[in-house]
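> Kindly generate the corresponding structure for this input.
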Amino acid sequence: MSDPQNPIPQCPVVMATALRFVPLAPLSVSLTAFSRKITRKHPDLFNRLGEYSRVAFVLDPTDLPVVVLLEPNGGAPRIRLCRRRVAGAARISGPLAALLGLVHGAFDGDALFFSRDLVIEGDTAAALALRNAIDDAELDLAHEAAALSGPLARPFEQLIAFVELRTGLCLTRPEDAVQW
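Modelled structure (predicted):
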């Protein structure tokens with residue numbers, strides 16, 4: 001349903017296959033810790049959710065065998081990866097590349113929605129609040145992760161740029177992309 005000239009890339013099969021077998025609990029703990037560090041740097045991210053700061057969001061990358069349950073908890077977020085369908089106030093489904101592209105501002109959420117590359121179920125007002133909060137924060141997840149890696153930040157950024165180039169996944173904000 002995406003533009004045939006610029007199709008949304010699919011997550012590499014190796015990554016999807018690996019997620020079928022790796023234990024999800026350690027990844028969930030790591031992602032929760034990472035999200036809490038981001039929250040400390042961007043406190044308005046969860047404040048912007050307003051009345052939706054305590055509802056659960058399900059992010060469903062359709063090309064991966066897992067779903068992500070994001071519970072903002074009023075600024076103390078918790079992230080849980082699951083291999084089964086979970087309930088939340090809103091479910092946002094689409095290819096991983098589309099979901100990451102939304103976070104990094106590389107894709108227009110409205111265009112993805114109307115092209116059916118992105119599906120929103122449940123409380124659309126909650127989903128819109130999440131989208132607006134993320135848009136306003138102008139997050140760059142790779143940059144945030146690199147900042148945590150201390151002296152390995154530069155090699156980490158180069159690795160991310162290489163992976164981004166090879167997979168087509170949007171792992172950084174386009175204006176902040178490291179040239180490989």
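
> residue ranges for the strands of this structure, please.
With DSSP state E as the definition, the chain shows strands at residue ranges 57-61, 67-71, 78-82, 90-94, 119-122.

> what's the spacing between the last one and its chain's center?
Going back to what we said before, that points to strand 119-122. Average the C-alpha atoms of strand 119-122, do the same for its chain, and the two points are 16 Å apart (Cα atoms, centre = their mean, to the nearest Å).

> so what strands line up beside that strand?
strand 90-94 (antiparallel) (DSSP bridges).

> quick one, which of the strands of the chain is nearest to residue 29?
Closest to residue 29 of the strands of the chain is strand 78-82 (Cβ to Cβ; 8.9 Å). Any C-beta I mention is one placed from the backbone N, CA and C, and that applies to glycine too.

> now for that closest one, which elements pack on it?
helix 24-41, strand 67-71 (3 or more Cβ pairs under 8 Å, 6 or more residues apart in numbering; DSSP states H and E).

> pLDDT below threshold where in this structure?
1-6, 175-180 (pLDDT under 70).

> can we see that at 50?
Residue ranges of the chain with pLDDT under 50: 1-2, 4, 176-180.

> And the helices in it, which stretches?
All helices of the chain, identified by DSSP state H, fall at 13-21, 24-41, 44-47, 96-103, 109-114, 124-137, 141-148, 153-167.

> Output the ones you listed in TSV, with distance to residue 84 and mean neighbour count appended to each entry.
Output for the helices of the chain, formatted as TSV (distance: least, Cβ to Cβ, whole Å; neighbours: other Cβ atoms under 10 Å):
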stretch	distance to residue 84	mean neighbour count
helix 13-21	13	12
helix 24-41	11	15
helix 44-47	26	18
helix 96-103	18	23
helix 109-114	25	16
helix 124-137	21	17
helix 141-148	25	18
helix 153-167	26	15
